[in-house]
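Trainee: what shape does this take:
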Amino acid sequence: MDVSAALIFRHGKLLIARRHKDSHLGGLWEFPGGKREARETDEECLAREIREELGVEISVGELFEEITHHYPEKTVHLKFFLCRLVSGEPEPLGCAAFKWIGKNELADYPFPAADARLLKKLQAYTFP
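Mentor: Numbering: from 1, shown residues only. Below you'll find the model as predicted:
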């Protein structure tokens, strides 16, 4: 499964979203995004997913990290892109909640196992 996820920064904070409790890995926090559909580029997928999940428009920038993770029930290939909020204010349309957090808060939220390497890289990254 190919998944694109957004690293959206604003004023030194990073946007995270909480998965619905009844979804795969329910209740965990994640970087918003979703599954790529046929005939979509990763960037098109991400713009669509963020529109559906948070009701905002973003510009998708460079690829920050790429991870393949094997869960017992599926394998996911994740691509995390640096993104910029273009218009709108986030709303929890397709997620249970969202938060803007600082780098020092990353360890305070439970994320899926697939995000471990990304979280470590983010700890060394200067949030714009």
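Trainee: any idea which residue sits dead centre in this structure?
Mentor: With distances taken as CA atoms, centre = their mean, the residue of the chain nearest its centroid is residue 31 (2.0 Å).
Trainee: what sits closest to it if chain neighbours are left out?
Mentor: residue 5 (4.2 Å; CB to CB, 6 or more residues apart in numbering). Heads up, the C-betas are built off the backbone N, CA and C, glycines and all.
Trainee: all strands of this structure, in order?
Mentor: Assigned strands in the chain, in chain order: 2-10, 13-18, 29-30, 33-35, 57-70, 75-87, 97-101 (criterion: DSSP state E).
Trainee: re the thing from before, is the residue nearest to residue 31 bridged to anything, and to what?
Mentor: Taking DSSP bridges as the rule, residue 5 bridges to residue 33, residue 80.
Trainee: do the one 10 residues further on as well
Mentor: Going by DSSP bridges, residue 15 is paired in beta bridges with residue 100.
Trainee: I'd like the distance between it and residue 71.
Mentor: According to CB to CB, to the nearest Å, residue 15 and residue 71 sit 24 Å apart.
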